[in-house]
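S.K.: need a structure here:
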Amino acid sequence: QVQLVESGGGLVQAGGSLRLSCAASGRTFSSVSYAMGWFRQAPGKEREFVAAISWSGSSTDYAHSVKGRFTISRDNAKNNKNTMYLQMNSLKPEDTAVYYCVAHRTYGSIRSPAYWGQGTQVTVSS
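M.R.: Next comes the predicted model:
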């Protein structure tokens, strides 16, 4: 079992910044190296991949639309939990969406993740 809890969403003006966090826990999570990532879903649109990071943090991947503006990172030892972050800078109204934290046992398959959080709303006003 893997539990993913997102936080940090909110309302921000265009050009502003937000940092999302995702705390991962669970009996299997502590013993298996999981890759993690972020997806988002805007109103009326399909869910899309945003960014991913390997267990060690040595590999990262970004959607073209966020590359250079968003930075993904993780801390595998924070408070005995695995915590992942998404630093979002230069936000645009088109970044408005529900952002989901995801996890998967292999980095190569992170775009088809097995585990999903409940999501956190990010709204960027123009």
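S.K.: was I right about residue 60 contacting residue 72?
M.R.: Yes: counting by C-beta atoms under 8 Å, residue 72 is a contact partner of residue 60 at 5.6 Å. From N, CA and C alone the C-beta is placed, and that goes for glycine too.
S.K.: who's more crowded, the two?
M.R.: residue 72 (21 against 15; other C-beta atoms under 10 Å).
S.K.: got a pLDDT number for that one?
M.R.: Per-residue pLDDT puts residue 72 at 98.
S.K.: and if you look at residue 80?
M.R.: 59.
S.K.: go on, residue 33?
M.R.: Looking at residue 33, the pLDDT reads 85.
S.K.: does it really touch residue 55, like I thought?
M.R.: Yes: with contact defined as C-beta under 8 Å, residue 33 reaches residue 55; the gap is 3.7 Å.
S.K.: related to what we said a few turns ago, which residues are in contact with each of residue 60 and residue 72?
M.R.: Residues touching both residue 60 and residue 72 (C-beta atoms under 8 Å, 6 or more residues apart in numbering) are 51-53.
S.K.: dump those residues to a markdown table, plus neighbour count, secondary structure and pLDDT.
M.R.: Formatted as a markdown table, the shared contacts of residue 60 and residue 72 follow (neighbours: other C-beta atoms under 10 Å; DSSP: H, G, I helix; E, B strand; the rest coil; pLDDT from 0 to 100):
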| residue | neighbour count | secondary structure | pLDDT |
| --- | --- | --- | --- |
| 51 | 23 | strand | 98 |
| 52 | 24 | strand | 98 |
| 53 | 24 | strand | 97 |
